[in-house]
Structure formats: C-alpha cells, structure tokens
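Asker: Sequence isn't available, so here's the structure alone:
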C-alpha cells in the first residue's frame with residue numbers, strides 16, 4: 001500500500017490524530033534513481049529560497065534562517081530503488097518540527113508523566129493506609145499539563161502550516177507525482 005500525502009491533502013489537513021504531528025509520506029515513481037536525483041538537483045538550482053542539503057540519497061529541506069520561527073517545520077526524505085520493482089524509485093520521508101522542538105515536547109511528556117504518576121501513586125499508597133495526601137491530585141494535574149502541551153503543539157503546527165506547504169511545493173515542482 002502506498003501512502004500518497006500529496007493526493008489526500010484535504011483529508012490530511014483535517015486529520016487531528018497524534019500521528020499528524022510528523023506526517024510521513026511514501027510514493028513510487030516510474031523514474032530511475034539517477035533521474036530523480038537530477039530533477040531534485042535541477043529544482044535545487046532553480047530554487048533560491050529553500051536550503052536543500054543532500055548526502056547521498058538523503059535530502060533535507062529547510063526554511064532560511066531569517067524566516068524561521070520556533071515552529072518552523074523541516075522535511076527530510078530518501079530516494080532509493082523500489083524493492084518490489086527495480087525499474088522504479090521510491091521516495092520516503094517525513095515533515096515535522098525541528099529536532100529541538102520534537103525533543104523538548106518528548107521531554108515535557110516524559111517529565112510530567114513520570115512526576116505525575118509517581119506523586120499520585122505516593123498519594124494513593126498513603127490513602128490506602130488510611131491517611132489523606134494532597135499528592136493524589138498529581139495525576140489529574142499532570143494530565144491537564146500534558147493536554148496543554150499537546151494543544152500548544154497543535155497551535156505550533158498551525159503556525160508552521162504555510163512553511164510546510166512551501167516544502168511540499170518543492171517536491172511537487174521537482175517530481176512528476178501521479
């Protein structure tokens with residue numbers, strides 16, 4: 001099954017699932033790897049806005065530093081021979097927040113989750129011993145903080161939407177997507 005995010009953008013823009021934070025894409029082209037690399041290189045030369053880094057068969061697209069903000073996305077993708085049909089080429093990648101943003105949110109969830117569960121279990125154990133503890137409230141408070149972080153991430157995703165479209169447009173312009 002080939003997931004083609006360029007054809008189902010309307011569905012993708014309405015997707016509110018947690019996997020939408022870092023949408024992945026994969027599509028197969030009827031071109032050789034060399035032709036795909038040539039097209040991307042030509043588009044890279046024609047494009048004087050995006051920063052395009054290449055390393056072998058891997059590409060990373062970035063917005064210029066002067067236009068970046070905290071929620072600016074980046075795209076990374078790989079071009080390789082399709083294992084099922086060696087005459088075709090597969091392009092796979094993802095679009096998502098910069099690594100610092102992704103790491104920060106992961107650490108927030110980990111810290112709040114660990115602290116919230118630990119403190120609430122401490123309070124629960126006190127309660128089971130017949131004592132009252134305010135730490136029982138740590139769990140609902142930690143869930144509330146996690147939901148707030150999630151909503152902040154969704155807000156940031158909306159702020160980076162236009163830049164995400166610029167990244168997608170680079171691939172649309174360089175490759176013949178069916």
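Answerer: Here it is on my side, so go on. Worth saying up front: this structure is predicted, and the values here are computed from it rather than measured.

Asker: Which helix runs longest in the protein?
Answerer: If you go by DSSP state H, the chain has its longest helix at helix 99-128.

Asker: buried sites along whichever helix or strand comes after that helix?
Answerer: Counting by DSSP states H and E, the next helix or strand C-terminal to helix 99-128 is helix 138-159. Within helix 138-159, the residues scored as buried using 16 or more other Cβ atoms under 10 Å are 138-139, 142, 145, 153, 156-157. No exception for glycine: its C-beta is placed from N, CA and C like everyone else's.

Asker: what's the closest of those residues to residue 28?
Answerer: residue 157 (27.6 Å; Cβ to Cβ).

Asker: from what I can see the closest one touches residue 95, true?
Answerer: No. Using Cβ atoms under 8 Å, residue 157 is not in contact with residue 95, being 10.4 Å away.

Asker: May I have the phi/psi pair for the residue of the chain most remote from its centre?
Answerer: For the chain, the residue at maximal distance from the C-alpha centroid (Cα atoms, centre = their mean) is residue 130, at 46.7 Å. When read as degrees, to the nearest 10, the backbone of residue 130 gives phi 90, psi 10.
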